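Asks: This is the structure alone, sequence omitted:
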């Protein structure tokens, strides 16, 4: 069905009519000029992300349900990165005429899967038309006690540097998808040039072979916020001194922490966690796997620092790796290679404004 036939309010009603609040802080959600939220005994955390078609996502290889899931998760991840608990989400969409009501239902299915996983309420937003494709703007609202909030500027000399999960897989997944897209369109162009109708009909059923690379695709297309790591840290009695999620690449995020905390760092190449599939894909593409892990982005793992006294506690937590330590500002940011050479760490992660 065409979106215009339903109208803005008809579309909103269809997408949100059976959404029921899960949080006590949600006093009133979708259906009025504003949502009504109540946080009488805690600090309110607010984060916003914009995702633009052609810049942040390509609908050639991500379906709308996965896109909805990822759109919610990247915002939820920001709340966890402040050591908070996500509670509400607002969703604003600019939609071109090529999208149908059913397309938007798929997008909302993905949104709701992500929100249900972390008990987040969808409480409002806006919709409008677009002449240039799909634009998504999501705001996530969370809460935390004042004393529990973790900023980027709290790292201290001798603190340990930790990351969750593994790095570089999402970037390798993107490279894999881009390669297959390039192969597909080159074959289409060749078939058109030759006027080969049979080849074009065959290409309409084109399915890339991703066997053995499923994890890379999962990391790129089904982003996961690491609320499980936040819970493990709380259970272990560990409060990070500084924390970020890794959206633009480990090197960029670590340098943000160093700059805002006025410290230096030393990280060790051999300690950076890299999945086997990531290493294999990097070799296949003739890319340096450490560079991919440092600069790839979209991992949405947590990068955090902890007091050196929590060393034993952090070692007992699964899926967290200690990769280095904080130093004096004057010592700079250093990467120690596998053969013990030292190089200045450079922020070469993804820049959304380039």
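Replies: Sure, I can see it. Small disclaimer: the values here were computed from a predicted structure and weren't measured. Residues are numbered from 1 along each chain as shown.

Asks: correct me, but residue 47 touches residue 74?
Replies: No: when contacts are counted by CB atoms under 8 Å, residue 47 is not listed as touching residue 74 (9.3 Å). No exception for glycine: its C-beta is placed from N, CA and C like everyone else's.

Asks: More neighbours: these two, which one.
Replies: Between residue 47 and residue 74, counted using other CB atoms under 10 Å, the more crowded position is residue 74 (22 against 19).

Asks: OK, contacts around that one?
Replies: 49, 51, 223, 225, 247, 300 (CB atoms under 8 Å, 6 or more residues apart in numbering).

Asks: Could you rerun that using 10 Å?
Replies: Each residue near residue 74 by CB atoms under 10 Å, 6 or more residues apart in numbering is listed here: 47, 49, 51, 56, 114, 138, 140, 223, 225, 245, 247, 298, 300.

Asks: Need phi/psi at the last one.
Replies: Right, the one you point to is residue 300. Here is the backbone geometry of residue 300 (degrees, to the nearest 10): phi 50, psi 30.

Asks: what's the residue lying closest to it once chain neighbours are set aside in contact with, if anything?
Replies: Excluding the flanking residues, the one nearest residue 300 by CB to CB, 6 or more residues apart in numbering is residue 77, at 4.8 Å. Shown in contact with residue 77 (CB under 10 Å, 6+ apart): 47, 49, 86, 118, 140, 223-227, 244-247, 300-302.

Asks: Now list whatever residues contact both of residue 47 and residue 74.
Replies: Residues touching both residue 47 and residue 74 (CB under 10 Å, 6+ apart): 138, 140.

Asks: ok so, going back, in what helix or strand does the residue nearest to residue 300 lie?
Replies: Element membership of residue 77, judged by DSSP states H and E, is helix 64-81.

Asks: doesn't residue 325 make contact with residue 265?
Replies: Yes: using CB atoms under 10 Å, residue 265 makes contact with residue 325 at a distance of 7.1 Å.

Asks: Look at the residue lying closest to residue 91 once chain neighbours are set aside and give its secondary structure.
Replies: Computed as CB to CB, 6+ apart, the closest residue to residue 91 that is not its neighbour in sequence is residue 125, at 3.9 Å. Taking DSSP: H, G, I helix; E, B strand; the rest coil as the rule, one finds residue 125 in the strand state.

Asks: same check, this time on residue 258
Replies: helix.

Asks: Quick check: it vs residue 299, distance?
Replies: 19 Å (CB to CB, to the nearest Å).

Asks: same thing with residue 48?
Replies: 21 Å.

Asks: So for those two, which sits in the more crowded spot?
Replies: residue 299 (29 against 13).

Asks: Tell me the confidence at the more buried one?
Replies: Listed pLDDT for residue 299 reads 96.

Asks: how close does the nearest residue to it once chain neighbours are set aside get to residue 310?
Replies: Once flanking residues are discounted, residue 299 sits nearest to residue 246: 4.6 Å by CB to CB, 6+ apart. Using CB to CB, we find residue 246 at a distance of 21 Å from residue 310.

Asks: now do residue 77
Replies: Per CB to CB, residue 77 is found 23 Å from residue 310.

Asks: How about residue 258?
Replies: Residue 258 is 20 Å from residue 310, by CB to CB.

Asks: Give me the more crowded residue out of these two.
Replies: Neighbours were tallied for residue 258 and for residue 310 using other CB under 10 Å; the higher tally belongs to residue 258 (24 against 19).

Asks: Relative to residue 183, how far out is that one?
Replies: 40 Å.

Asks: and what of residue 268?
Replies: As for residue 268, its distance to residue 183 is 37 Å (criterion: CB to CB).

Asks: Just want to know which of those two has more residues nearby.
Replies: More crowded of residue 268 and residue 183, by other CB under 10 Å: residue 268, with 17 against 12.

Asks: After the longest helix seen in the chain, which helix or strand is next?
Replies: Looking across the chain with DSSP state H, the single longest helix is helix 169-194. Going down the chain from helix 169-194, the next helix or strand is helix 197-203, by DSSP H and E.

Asks: Over that following helix, what's the mean pLDDT, rounded is fine.
Replies: Rounded mean pLDDT across helix 197-203 is 75.

Asks: From the rest of the structure, what touches it?
Replies: Counting by CB under 10 Å, 6+ apart, 184, 185, 187, 188, 190, 191, 192, 194, 196 sit against helix 197-203.

Asks: run the last query once more with 7 Å
Replies: Here helix 197-203 makes contact (CB atoms under 7 Å, 6 or more residues apart in numbering) with 187, 188, 191, 192.

Asks: out of the residues you listed, who has the most neighbours?
Replies: With neighbours defined as other CB under 10 Å, the most crowded of those is residue 191; it has 17 neighbours.

Asks: Chain neighbours aside, what residue packs nearest to it?
Replies: residue 199 (3.9 Å).

Asks: And the one you found, how far from residue 189?
Replies: In this view, residue 199 and residue 189 are 11 Å apart by CB to CB.

Asks: Of these two, which one has the most company?
Replies: When residue 199 and residue 189 are compared on other CB under 10 Å, the one with more neighbours turns out to be residue 199, at 15 against 10.

Asks: For this structure, which segments count as strands?
Replies: Taking DSSP state E as the test, the strands found in the chain are 26-28, 36-37, 43-52, 85-95, 121-129, 135-144, 160-164, 242-245, 264-268, 302-306, 320-327, 333-336, 342-344.
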